[in-house]
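Chemist: from the sequence below, what's the structure:
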Amino acid sequence: MAILDSKVPKGPLKDKWTTYKDKINLVNPANKRLIDIIVVGTGLAGGSASATLAELGYNVKAFAYQDSPRRAHSIAAQGGINAAKKLSRRWRFKISSVL
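Modeler: Okay, here's the model as predicted:
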């Protein structure tokens, strides 16, 4: 049976991140276009990550299970958030607009 190698750096917990950063292999800028990065979810975080990585030169493949990336929960929630901010006194209107 094979032993799973988790590649967790050796040493105390407080030093693991520093050790990892010191020993990580960097990507040559010429090789960025050869690396495919998969982003699952196109909400605020996934969309931002996809755009940033694409600007840096990586091949980004973003996957969403919605019919359109604009229908992600975080994007769709903005309308309700704005309505709650503007109509805080008119609670009956808010309830009817939500239903």
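Chemist: buried residues in stretch 31-46, which are they?
Modeler: Neighbour-count burial for stretch 31-46 flags 39, 41-43, 46 (criterion: 16 or more other Cβ atoms under 10 Å). For the C-beta atoms, the positions are set from N, CA and C on the backbone; glycine is no exception.
Chemist: of those residues, closest to residue 8?
Modeler: Nearest to residue 8 among the buried residues of stretch 31-46 is residue 39, at 24.5 Å by Cβ to Cβ.
Chemist: where does the closest one sit: helix, strand or coil?
Modeler: Assigned with DSSP: H, G, I helix; E, B strand; the rest coil, residue 39 falls in the strand class.
Chemist: wait, it touches residue 46, no?
Modeler: Yes - judged on Cβ atoms under 8 Å, residue 39 makes contact with residue 46 at a distance of 5.1 Å.
Chemist: shared neighbours, the two?
Modeler: residue 62 (Cβ atoms under 8 Å, 6 or more residues apart in numbering).
Chemist: which residues touch the helix or strand hosting residue 14?
Modeler: Following DSSP states H and E, one finds residue 14 within helix 13-23. Helix 13-23 is touched from outside by 8-11, with contacts defined as Cβ under 8 Å, 6+ apart.
Chemist: what about residue 27, which helix or strand?
Modeler: Using DSSP H and E, no helix or strand contains residue 27.
Chemist: what about it, how many neighbours?
Modeler: 13 (other Cβ atoms under 10 Å).
Chemist: helix/strand/coil for residue 48?
Modeler: Secondary structure of residue 48, per three-state DSSP, is helix.
Chemist: mind listing the strands for the protein?
Modeler: For the chain, strands defined by DSSP state E occupy the ranges 36-40, 59-63.
Chemist: leaving out chain neighbours, which residue sits closest to residue 8?
Modeler: Excluding its sequence neighbours, the residue lying closest to residue 8 (Cβ to Cβ, 6 or more residues apart in numbering) is residue 16, at 6.8 Å.
Chemist: next one, pLDDT for residue 62 please.
Modeler: Residue 62 carries a pLDDT value of 89.
Chemist: residue ranges with poor pLDDT in the chain?
Modeler: Low-confidence segments of the chain, defined by pLDDT under 70, span residues 66-99.
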